[in-house]
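**Student:** Any chance you can model this:
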Amino acid sequence: MCVEIICSHMGVELRTTRLLLRSLELADAEQTQRLFPQWEIVKFLNSKVPWPYPSDRVLNVYRNEILPGIERGEEWHWTLRLKAAPEQHIGVISLHRDEWDN
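**Tutor:** Numbers count the residues shown, from 1 in each chain. The predicted structure is shown next:
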């Protein structure tokens, strides 16, 4: 599989044959909030993730935890998007400097 890497002022975008991985932004929180609070997803995560999932949780986590981590250079986050529908993300993937958190 070939991966194309595009760097810009918006961050790093990775492209595969079918997917776009775009650097996560605060504006992505609304879509993530609609996708995330599903028990079939949350039940596999650690106890830090509350259930029932609060309606403002993603916005708060993005603003107060993830984006500051990106700015410190300690973590990297991308939204997953199908090339056929780049305006909508279907998930999020991340990489953290700490080995235990990947």
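**Student:** switch to C-alpha atoms for all contacts and neighbour counts from now on
**Tutor:** Noted.
**Student:** Please identify the buried residues of the longest helix seen in the chain?
**Tutor:** Taking DSSP state H as the criterion, the chain has its longest helix at helix 29-35. For helix 29-35, the neighbour count (16 or more other C-alpha atoms under 10 Å) marks 29, 32, 33 as buried.
**Student:** Reformat the residues you listed into JSON lines and put distance to residue 60 and pLDDT next to each item.
**Tutor:** As requested, these are exported to JSON lines (distance: C-alpha to C-alpha, whole Å; pLDDT from 0 to 100):
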{"residue": "29", "distance to residue 60": "9", "pLDDT": "96"}
{"residue": "32", "distance to residue 60": "12", "pLDDT": "94"}
{"residue": "33", "distance to residue 60": "11", "pLDDT": "94"}
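**Student:** what would the residues you listed look like in JSON lines with distance to residue 91?
**Tutor:** Shown next, in JSON lines, are the buried residues of helix 29-35 (distance: C-alpha to C-alpha, whole Å):
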{"residue": "29", "distance to residue 91": "11"}
{"residue": "32", "distance to residue 91": "7"}
{"residue": "33", "distance to residue 91": "10"}
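**Student:** circling back: which residues touch the longest helix of the chain?
**Tutor:** 55, 56, 57, 58, 59, 62, 88, 89, 90, 91, 92 (C-alpha atoms under 8 Å, 6 or more residues apart in numbering).
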